[in-house]
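Q: Okay, sequence plus prediction incoming.
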Amino acid sequence: MSKRDYYEVLGVGRDAGADELKKAYRRLAMKNHPDRNPGDAEAEGRFKEASEAYEVLSDDQKRAAYDRYGHDGVAGAAGGGFGGGGFGDIFGDVFSDIFGGGGARAARGADLRYDLPIDLEDAVNGVEETIHIPTWDECETCDGTGAKPGTDPKTCPSCSGVGQIRMQQGFFSVQQTCPTCRGRGEVIADPCRDCSGRGRVEGEKTLSVKIPPGVNTGDRIRLTGEGEAGDRGAPPGDLYVQINVRPHDVFERDGNDLRCAVPLSFVTAALGGEIEVPTLKGRATLKIPEGTQSGRTFRLRGKGAPSVRGAGIGDLLCTVRIETPVHLSAKQKALLAEFGETVGEKHSPEEQSWMAKARRFFEERVK
């Protein structure tokens, strides 16, 4: 019986790349694996056929020979599914991403976090800050190898430099991190004295951080490549600058708005007038209408914080707090008493409304 075309077996085109081949084979292998189809000879045959096709097409030299000469070009080269050592290697490679496979490779540096406290003015207007951060730098003594100068790391005897060891479990070939070298693929017999074999030493670097206008507590600024140095020449991590806006003596942040409490004299609240209030851009005039009550909030548009994403500028919300006069002279007290005698219900509408509610409350309790 003649063999089917390997590309047809896997269901891929002749221009299929390595990833497409692997996905196609994995799909067929999982579907037709003998463990999933006990006693099914046809499924076992399809499984062997797919394994043989993938063994040939995943090897560049075998694939070139197959493309040129067909099955005759690879006669005896394919492992035939379960035959020889080919299948175990192929199956382990295809499913290595599931069981933690992959060769030894140096680890990327860790990301770092730096908490940066700034004043509200700088958060609103933007600022450039200089920070000093501890780092792990490549050891100059051993050039980052971790080995004593004049010596070199040795290939790990347990994994032969792969960084992983393979364990055969039935039809599955499971890969695990090598316990001897911890995935490095190398061991250091004579470590560098300056870095104790780590290949890195502690240091410090100075960075300039541009804080955009409108940032708020919790915002992060990412500095690519400014994190911890990578292991044995691997890429460094990133540095995340975490913003923490200090409390302000006058203003309180509310999103893009700013809030402040403004003390107001009894006379100005009653007669109306104008007062000056502070803003982060300077002074502003606030017009107080006649008869203003304590707790009323006035809005000064565009006097707040800008959006860090460019979505406009917030407002300044000023809430007035009417102050009761203190340390009055005898004459002032007399004048206030005289004024109080002239005040009727219409002059204190909130008080009269509250008193009416209080009377109803007591009357209902008596009943």
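A: Great, that's in hand. Numbering: from 1, shown residues only.

Q: quick check, residue 115 in a helix?
A: No. Under the criterion used here (DSSP: H, G, I helix; E, B strand; the rest coil), residue 115 is strand, not part of a helix.

Q: That one pairs with what?
A: Beta-bridge partners recorded for residue 115 (DSSP bridges): residue 242.

Q: you'd agree it is up against residue 244?
A: Yes. Under the criterion of Cβ atoms under 8 Å, residue 115 lies in contact with residue 244, with a separation of 5.8 Å. For glycine as for every other residue, the C-beta is placed from the backbone atoms N, C-alpha and C.

Q: Please say which of these two ends up with more neighbours.
A: Per other Cβ atoms under 10 Å, whichever of residue 115 and residue 244 has more neighbours is residue 244, with 13 against 9.

Q: so where does residue 331 fall, helix or strand?
A: Using DSSP states H and E, residue 331 falls within helix 330-342.

Q: who does that helix touch, helix- and strand-wise?
A: With contacts defined as 3 or more Cβ pairs under 8 Å, 6 or more residues apart in numbering; DSSP states H and E, there are no secondary structure elements packing on helix 330-342.

Q: how far does it sit from the chain's center?
A: Here helix 330-342 is found 65 Å from its chain centre; the criterion is Cα atoms, centre = their mean, to the nearest Å.

Q: Check stretch 240-251 too.
A: Centroid separation for stretch 240-251 versus its chain: 21 Å, with Cα atoms, centre = their mean.

Q: And stretch 175-184, by the same measure?
A: A distance of 29 Å separates the centroid of the chain from that of stretch 175-184, by Cα atoms, centre = their mean.

Q: Would you mark the buried spots in that stretch?
A: Within stretch 175-184, the residues that qualify as buried are 175, 177-178, 181, 183-184, counting by 16 or more other Cβ atoms under 10 Å.

Q: could the residues you listed be laid out in TSV, adding secondary structure?
A: Converted to TSV, the buried residues of stretch 175-184 look like this (three-state DSSP):
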residue	secondary structure
175	strand
177	strand
178	coil
181	coil
183	coil
184	coil
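
Q: how about the strands in the stretch 101-250 of the chain?
A: In the stretch 101-250 of the chain, strands defined by DSSP state E, counting those that start in this stretch lie at 112-118, 127-138, 154-155, 164-169, 172-177, 186-187, 200-211, 220-223, 239-245, listed in chain order.
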